[in-house]
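>>> what's the 3D shape of this:
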Amino acid sequence: MSSYFNAVIFCTKRKKEKISSLYILKTSLCVYLLYKIFSIRRKYMMPFKKHHCQLGLGSDSMLLKKPGLWANLYRSMRKMCQVAQYHPDTYDHFRSYPAVVAERQRQLYEGDKNLIHPLSLVSLCWHTIMAFVNLMHMFISTLRLFFVLTPPRTQTVHAIDKVLLAFHALCFLDILFNFNIGYTEKEYSHIVMKRRKIVCHYLRRWFLLDLASCLPVAFVLLYLDLKDTQCLLFAHILPLLRTPRLYTALIDVKVFTKIFTRSYIWYGMMRHAVLFVMTAHWCTCFVYLPPVLCYYCKIS
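Next up is the predicted model:
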């Protein structure tokens, strides 16, 4: 009897296994068929439900396109003068790209047409160039005054004077740029794009120093071969008035460094490296201050 019951139990287990395996096979087959049906339906029905837009989104510069080569060049220059999302300081003032687009619209409708936004690519490139120009101007002007001393009564135009003349021209061009670049009110974090306010702001702050330091008075006196050495000493001192521009040069160096890294360690390293080089140069120049004063006073 026990063997009979064991045989019955074994047969029922086999039947259950066959039924379960058959059930799994049928279920998987149904799932596969449903998958194929829905995939075919999606393949042939989606083109009628999904809209593929053929209209170009265009530019977010808000500038109208006009036919002609010069019109396209003018439009490209105006786009570069607008606020750019690639400027390192853009998202310190604006929280999102729609805010950047709104600022471009505000520049067009509230500001002057030919002004340069302080967070534009043109402003970034020009301030980077002027950071180098200002530092070299401070370096060369002190080098010319303290280290280039010709024999008495034989003062002529030196090669350094010609290099300094080129930097004077760039500094004068910077004055024209500063009358056309907006500025940021730090108290309210507001960017001013009104020409009258920009001109008044620049005249109150940097205009006199920039103008006095870029006048090539020493080059003219040497070229005309004037013998008044005290006037020549005063003319050589005029370019030294650009020394306070070290403040803006360090800010521009920091902005340029932000293009490559956001680490404050690198900002501090670049700032201290520039300060170390300029301070070391000025200290060596001031060592020769008494002999230089005696040189120009005795000749006169």
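
>>> from here on, just use CA atoms for contacts and neighbour counts.
Fine.

>>> state the phi and psi torsions of the spatially most central residue of the chain.
For the chain, Leu124 is the residue whose C-alpha lies nearest the centre (C-alpha atoms, centre = their mean; 3.5 Å). Backbone dihedrals for Leu124, given as degrees, to the nearest 10, come out at phi -60, psi -50.

>>> so which residues make contact with the helix or strand containing Leu222?
Assigned by DSSP states H and E, Leu222 falls within helix 217-224. For helix 217-224, the external contacting residues (C-alpha atoms under 8 Å, 6 or more residues apart in numbering) are Gln155, Thr156, Val157, Asp161, Lys162, Leu165, Leu232, Ala235, His236.

>>> residue contacts, the residue nearest to the centre of the chain?
His87, Pro118, Phe256.

>>> for the last one, which non-adjacent residue is spatially closest?
It stands for Phe256. Spatial nearest neighbour of Phe256, excluding adjacent residues (C-alpha to C-alpha, 6 or more residues apart in numbering): Thr128 at 6.6 Å.

>>> wait, Met193 sits on Leu115?
Yes. In this structure, Met193 is within contact of Leu115 by C-alpha atoms under 8 Å, at 7.2 Å.

>>> now do the shared contacts for those two.
What both Met193 and Leu115 touch, as defined by C-alpha under 8 Å, 6+ apart, is the set Ile181, Gly182.

>>> who has more neighbours, these two?
Met193 (24 against 21; other C-alpha atoms under 10 Å).

>>> ok so, going back, go through the contacts of Leu124 and name the one nearest Ser141.
The nearest member of these to Ser141, counting by C-alpha to C-alpha, is Phe256 at 24.6 Å.

>>> just the C-alphas of stretch 105-113, formatted as CSV.
Below are the C-alpha coordinates for stretch 105-113, written out as CSV (Å, rounded to 0.1, in the frame of the first residue of the first chain):
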residue,chain,number,x,y,z
GLN,A,105,15.8,92.7,-23.9
ARG,A,106,16.2,95.4,-21.3
GLN,A,107,19.4,96.5,-22.9
LEU,A,108,17.7,97.0,-26.2
TYR,A,109,14.6,98.8,-25.0
GLU,A,110,15.9,100.8,-22.0
GLY,A,111,19.6,101.4,-22.8
ASP,A,112,21.5,103.1,-25.6
LYS,A,113,21.7,101.1,-28.9
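
>>> that stretch - what's its average pLDDT?
In this model, stretch 105-113 has a mean pLDDT of 77.

>>> ok, so what distance separates Leu173 from Cys200?
According to C-alpha to C-alpha, to the nearest Å, Leu173 and Cys200 sit 18 Å apart.

>>> equivalent analysis for Met278, please.
31 Å.

>>> between those two, which one's more packed in?
Ranked by neighbour count (other C-alpha under 10 Å), Met278 and Cys200 place Met278 first, with 16 against 12.

>>> so what's that one scoring on pLDDT?
95.

>>> ok, the one 5 residues further on next?
Note on Cys283: pLDDT of 94.

>>> cool, and Cys294?
85.

>>> where does it land in three-state SS?
Judged by DSSP: H, G, I helix; E, B strand; the rest coil, the three-state class of Cys294 is helix.

>>> for it, give its distance to His236.
15 Å.

>>> compare the two (neighbour count), which wins?
The neighbour comparison of Cys294 against His236 (other C-alpha under 10 Å) goes to His236, with 20 against 10.

>>> and the contacts of stretch 143-153?
Counting by C-alpha under 8 Å, 6+ apart, Ile160, Asp161, Lys227, His236, Ile237, Cys285, Phe286, Tyr288, Leu289, Val292, Ile299 sit against stretch 143-153.

>>> neighbours of Tyr288, how many?
13.

>>> do the same with Thr243
Thr243: 17 neighbours (other C-alpha under 10 Å).

>>> quick one on the thing from earlier: just the buried residues from the contacts of stretch 143-153, in ChimeraX please.
To isolate the buried ones among the contacts of stretch 143-153 in ChimeraX, judged by 16 or more other C-alpha atoms under 10 Å, type:
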select :161,236,285,292
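
>>> got TSV for the contacts of stretch 143-153, with distance to Glu185 and secondary structure too?
Shown next, in TSV, are the contacts of stretch 143-153 (distance: C-alpha to C-alpha, whole Å; DSSP: H, G, I helix; E, B strand; the rest coil):
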residue	distance to Glu185	secondary structure
Ile160	39	helix
Asp161	38	helix
Lys227	48	coil
His236	35	helix
Ile237	33	helix
Cys285	37	helix
Phe286	37	helix
Tyr288	42	coil
Leu289	40	helix
Val292	43	helix
Ile299	50	helix
